[in-house]
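Q: Provided below for reference: sequence and predicted model.
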Amino acid sequence: MMKKLVSVSVSEEKLSAIEMYLEQKNTTLSAELEKYVEQIYSKNVPQNVRDFIDMMSAKKPARKPKSSSPAETEKLSEQ
């Protein structure tokens, strides 16, 4: 599933305070925002649409990394 980056503007002072207090709770701003985005998604996107998106995401084949195994790399370097 392709992910998009979302930007939010916040003052340095507020960001610093948020990060400091979230650290005390052993969490991060990113983790909290991800939870909140999931809540917004669940609340606003109809269940049938979420089911469809889940179904389509499950169908997509996982991309294989293009890195070679060590044995293949060795064979290539010997040529």
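A: Nice, I can see it.

Q: Could you name the helices and strands sitting against the helix of greatest length in the chain?
A: In the chain, with assignment by DSSP state H, the single longest helix is helix 29-44. Counting by 3 or more Cβ pairs under 8 Å, 6 or more residues apart in numbering; DSSP states H and E, the packing neighbours recorded for helix 29-44 are helix 12-24. All C-beta atoms are positioned from the backbone trio N, CA, C, and that covers glycine.

Q: Give me the helices and strands touching the helix it packs on, please.
A: Under the contact definition 3+ Cβ pairs under 8 Å, 6+ apart, helix 12-24 sits against helix 29-44.

Q: Restricting to C-alpha, output the helix it packs on in CSV.
A: Extracted C-alpha coordinates of helix 29-44, given in CSV (Å, rounded to 0.1, in the frame of the first residue of the first chain):
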residue,chain,number,x,y,z
LEU,A,29,3.9,12.5,17.9
SER,A,30,4.0,10.3,14.8
ALA,A,31,2.5,7.3,16.7
GLU,A,32,-0.2,9.5,18.1
LEU,A,33,-1.0,11.1,14.8
GLU,A,34,-1.2,7.7,13.1
LYS,A,35,-3.7,6.6,15.7
TYR,A,36,-5.8,9.7,15.2
VAL,A,37,-5.7,9.4,11.4
GLU,A,38,-7.0,5.8,11.8
GLN,A,39,-9.8,7.1,14.0
ILE,A,40,-10.7,9.8,11.5
TYR,A,41,-10.7,7.2,8.7
SER,A,42,-12.9,4.8,10.7
LYS,A,43,-15.3,7.5,11.7
ASN,A,44,-15.7,9.1,8.3
